[in-house]
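[1] Fold the following, please.
(2 chains)
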There are 2 protein chains.
Amino acid sequence: MAYATNSVLLTDLYQLSMLNGYVQQGMHDEAVFEFFVRRLPEKRNFLLACGLELALDFLEGFGFTEAELEWMASTERFSPQFIDYLSTLSFTGDVYAAPEGTVFFADEPILRVVAPLPQAQIIESRLINILHVHTLIASKAARCVMVAPDKLLVDFGMRRAHGAEAAMAAARASYIAGFAGTATVLAEKEFGIPSFGTMAHSFVQAHDSETESFFDFARSQPNNTVLLIDTYDTEAGAHKVVELKPRLDELGIAIKGVRLDSGDLDALSRRVRRILDEGGCERTAIFCSGNLDEYSIHRLLSAGAPVDGFGIGTRLDISEDAPSLDCVYKLQAYAGRPRRKRSTGKATWPGSKQVYRYEASGGFFSHDVLTTADDTRDGEPLVEAVMKGGRRTAPSPSLERIRERTAEQLARLPEPLRSIDKAPAYEVNVSEQMKALAARVDREFF
Amino acid sequence: MAYATNSVLLTDLYQLSMLNGYVQQGMHDEAVFEFFVRRLPEKRNFLLACGLELALDFLEGFGFTEAELEWMASTERFSPQFIDYLSTLSFTGDVYAAPEGTVFFADEPILRVVAPLPQAQIIESRLINILHVHTLIASKAARCVMVAPDKLLVDFGMRRAHGAEAAMAAARASYIAGFAGTATVLAEKEFGIPSFGTMAHSFVQAHDSETESFFDFARSQPNNTVLLIDTYDTEAGAHKVVELKPRLDELGIAIKGVRLDSGDLDALSRRVRRILDEGGCERTAIFCSGNLDEYSIHRLLSAGAPVDGFGIGTRLDISEDAPSLDCVYKLQAYAGRPRRKRSTGKATWPGSKQVYRYEASGGFFSHDVLTTADDTRDGEPLVEAVMKGGRRTAPSPSLERIRERTAEQLARLPEPLRSIDKAPAYEVNVSEQMKALAARVDREFF
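    Okay, the predicted model is just below:
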């Protein structure tokens, strides 16, 4: 795993083949590409834009290293002239985008790249790769936050995320969506996201006595004593916690919480709450984990299960009920002329676009209008300039700022869209200008 | 994305907390952990072990850097003594594992770690993270190979894989499973996997004429002319290919293939085949892509669609019909005593284990026996020593060797398991020795 994930060779071969073609034909005119999602997954009423700052990092750092160029030459697939061209290549274009944490819908471009064609083309695969996984997981995490707005939610999914980057993306995306933090330590080091952790079954098992494992753990983690009580028998585990309390009181150690990771969490959380309360552990919180997602959390909380927090793992990190988005990055104009793809079921609107969002009373989103970028309206525009000439127009917002913005956006979601069940689609209207442009492009090209 | 994916801090916080506890209690005795999948996904009849070589790389390279130790100290979460301990930590244990490409089933440990408890514990999260995504995608890819054994299959999924590492894992895992290669260039550079590529719609769109885009592309890729013909109208695109043939013949350029990426691929591939054949392009292959997986490929080929190859993207790279495996890494023994977890629905068999596989006539797998590691039998043992004292016992096999082994394994799958539909579960028997050990452990502990 010693390869660099920021290598420009993390791309599809056809990008290099096309680049070669563009360069040979001298096609360096300005291209406009847009990133959007063609259709929302069946189980999503909205999406949350995420990953932009990492995508901008990628664009700012874009460039071939000597080692990459040497390897490319060694494949004998490309001419020395083309390799020379690549050695000078960087990204010098403009980017317009919706800030991270923006709610968006099908067909709405949340990112527009305006750059010489080869530059705008070569970045496609990795740009999609970055925006996709972050947006995917942020959108899933937002659903968890909506069903448990007052609970402590923690990303527990690193081990079954699809590799290192997916784990880091999950930590960042879920924090932006409103999670309290993550179990992934590297996400605290790299992004400043609070990390949380308790203990695993192996810790209990490695001790000859469950009670002694709790005692040892408490002494080694006096400020963060959360005990996992389901290794052998959950209720018996809760009784052991109560029995341990006097010994820990003497040492000044409070039992902050217990974790349940298996079984009927509704029934068990109630019984454990009673055991803890009757044993003088009223302030010990109950934390649950184990194949949880927004559906099971919603069921637990609707039933009144006395749970204070949730560790959400695999189903969050892989966005289990919708593990991919039908997202694309499409050429919309070249050399000043709008273009469109007309492939069956995959036709696109041509040209640079803007989305205007309108609000109803109470600040709730009422509907959007998808229109041409030169059509100015009174709604709130979705995309704004974030990069000019290959450099950010402003410093990156802090993760806290992005998180606040996300909360503001989620608070403005119309009530029906807040449901984890399927809601009627949010209204996105296509402007007359947009339709007229598509008709004109069709007349010119076909 | 400047973080190192091989950082030892790519772990769950509780691993560090537990380590701290183990070190404080002086619990450095030998531990045995095993990695296995608790249940097969509904849509899988078998799994293909993958990722071992990368997991061994991780173990051989395990160690905290100065920067990581400094950061840990800065969190003030751990004592200076513990940080000192970490600074000397490496992995010095033994590993037993099934080679990559081994077919396996639920509850069968494909990897066993025997090491001092802190070492065996701290590697858990990342070890699972590596083995999970590779095994997940290899198992999906094997299904694609089984429905199209004589076709050219190429991994096209990088853009919607969950991050950089997932994309690289998909390229490697699908190649091991029998794919011809990948579109991901970095996988050719890093792993030597053949890369394939054609052109995108944007290339066609950037040109004012589709025919000229084909001509330009062919001239820039004379040895790899595969033309994407569905940007505007697939049949019209095929006619343009035929019309272009004489001009390319003059230049000595053969049209190796056309790619269809949308619409009714069954009907279109037949019409395109006829157009190509009638136009003298009998040797031009038809390559299909666009939301494909083993189900749609099976339908196309069963119906007799004249398709020569498939680019399989998103649904492969995210293992769409089973995007995660219920895989775990569990403590099975500590300090010479077998242990087991008894959590509801998650109980495990205790102690070090071995799986013996038996074959029926024709070399097909007939059944397995899960037993204790000290029980020697005449079947074929699944796991073997691959690491002693933290170092590999043999050099890594080449990817080609792993690929051959995988093909051998797949050829020995009993016919019912080769179906992409649900088959009766393969027979895995638990030995009397194993059951007796579990009963003994229960008597001692409970």
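[2] Contacts for stretch A:244-255 next, please.
    Contacts to stretch A:244-255, defined as Cβ atoms under 8 Å, 6 or more residues apart in numbering or on different chains, come from residues A:211, A:214-215, A:218-219, A:222, A:225, A:227, A:241, A:279-281, A:283-284. C-betas here are computed from N, CA, C, even on glycine.
[3] All the helices of the stretch 301-446 of chain A, in order from the start?
    Taking DSSP state H, counting those that start in this stretch as the criterion, the stretch 301-446 of chain A contains helices spanning A:314-317, A:399-411, A:432-445.
[4] To chain B, which of those lies closest?
    Chain B lies closest to helix A:314-317 among the helices of the stretch 301-446 of chain A, at 5.0 Å (Cβ to the nearest Cβ).
[5] Nearest to chain B among the contacts of stretch A:244-255?
    A:R219 (7.2 Å).
[6] Give the other helices and strands that the helix or strand harbouring the closest one contacts.
    In the assignment (DSSP states H and E), A:R219 maps to helix A:210-220. Applying 3 or more Cβ pairs under 8 Å, 6 or more residues apart in numbering or on different chains; DSSP states H and E, one finds that helix A:210-220 contacts helix A:201-206, strand A:226-228, helix A:234-250, helix B:13-24.
[7] Do a quick rundown of the helices in the stretch 51-200 of chain A.
    Using DSSP H, counting those that start in this stretch, the helices of the stretch 51-200 of chain A run over A:52-60, A:66-74, A:80-87, A:117-122, A:124-147, A:164-177, A:185-191.
[8] circling back to that earlier point, out of the helices of the stretch 301-446 of chain A, which one sits most buried?
    Greatest average neighbour count among the helices of the stretch 301-446 of chain A goes to helix A:314-317 (a mean of 27), per mean count of other Cβ atoms under 10 Å in any protein chain shown.
[9] and it, how far from the chain's centre?
    11 Å (Cα atoms, centre = their mean, to the nearest Å).
[10] could you list every residue that touches A:A347?
    A:A347 neighbours (Cβ under 8 Å, 6+ apart): A:R340, A:K341.
[11] Also A:A115?
    A:E30, A:A31, A:F91, A:T92, A:G93, A:D94.
[12] Dig out what it forms beta bridges with.
    A:A31 (DSSP bridges).
[13] That one and A:F62, how far apart?
    Shown here: A:A115 relative to A:F62, a distance of 11 Å by Cβ to Cβ, to the nearest Å.
[14] Look up the residues that both of those two are in contact with.
    A:F91.
[15] Flag every residue of the stretch 301-446 of chain A that's near chain B.
    With Cβ under 8 Å from any Cβ of the partner chain as the criterion, the stretch 301-446 of chain A meets chain B at residues A:314-315, A:318-320, A:323-325, A:327, A:330-331, A:334, A:339-346, A:445-446.
[16] Now for the most centrally placed residue in chain A: which residues touch it?
    A centroid search over chain A (Cα atoms, centre = their mean) returns A:H134, at 2.7 Å, as the residue closest to the centre. Residues near A:H134 by Cβ under 8 Å, 6+ apart: A:C50, A:G51, A:L54, A:E100, A:A169, A:R172, A:A173.
[17] Tell me which two in those residues are the farthest apart.
    A:E100 and A:A169 (12.1 Å; Cβ to Cβ).
[18] intersection of neighbour lists for those two?
    With Cβ under 8 Å, 6+ apart, A:E100 and A:A169 have common neighbours A:G51, A:H134.
[19] Wasn't A:T231 part of a strand?
    No. According to DSSP: H, G, I helix; E, B strand; the rest coil, A:T231 belongs to no strand; its state is coil.
[20] Can you list phi and psi of it for me?
    Main-chain torsions, A:T231, degrees, to the nearest 10: phi -60, psi -40.
[21] residues touching it, list them.
    Contacts here follow Cβ under 8 Å, 6+ apart; on that basis A:T231 touches A:H201, A:V204, A:Q205, A:E210, A:G237, B:K341, B:R342, B:S343.
[22] which one is A:A164 nearest to, not counting chain neighbours?
    B:T5 (3.6 Å; Cβ to Cβ, 6 or more residues apart in numbering or on different chains).
[23] can you check A:V114 too?
    A:D94 (4.5 Å).
[24] now swap in A:W71 and tell me
    Excluding the flanking residues, the one nearest A:W71 by Cβ to Cβ, 6+ apart is B:K189, at 5.1 Å.
[25] Touching, the one you found and A:L9? I think so.
    Yes. Between B:K189 and A:L9 there is a contact at 5.6 Å, judged by Cβ atoms under 8 Å.
[26] joint contacts of these two?
    Between them, B:K189 and A:L9 share the contacting residues A:E68, A:W71, judged by Cβ under 8 Å, 6+ apart.
[27] Looking at the two, which is more packed in?
    For B:K189 versus A:L9, neighbours defined as other Cβ atoms under 10 Å in any protein chain shown are more numerous around A:L9 (24 against 20).
[28] Can you check the pLDDT for the more buried one?
    On pLDDT, A:L9 comes in at 97.
[29] so where's the stretch 301-446 of chain A shaky on pLDDT?
    For the stretch 301-446 of chain A, the stretches with pLDDT under 70 are A:445-446.
[30] returning to that earlier point: residues touching the helix holding A:R219, excluding its own?
    By Cβ under 8 Å, 6+ apart, helix A:210-220 touches A:199, A:203-204, A:206-207, A:225, A:227, A:231-232, A:237, A:240-241, A:243-244, A:247-248, A:251, A:253, A:255, B:17-18, B:20-21, B:24-25.
[31] Break chain A down into its domains, please.
    A:13-137+A:325-445, A:147-317 (automatic domain parsing).
[32] Of all the ones you listed, which one comes closest to B:R38?
    Closest among the domains of chain A, once you apply Cβ to Cβ, is domain A:147-317, at 11.0 Å.
[33] tell me the SS of A:S262?
    Going by three-state DSSP: A:S262 is coil.
[34] distance of it from A:D230?
    5 Å.
[35] got it, and A:A305?
    15 Å.
[36] Next: A:T348.
    According to Cβ to Cβ, A:T348 and A:D230 sit 51 Å apart.
[37] Between the two, which is the more surrounded one?
    Neighbour totals were compared for A:T348 and A:D230, and A:D230 leads with 29 against 23 (other Cβ under 10 Å).
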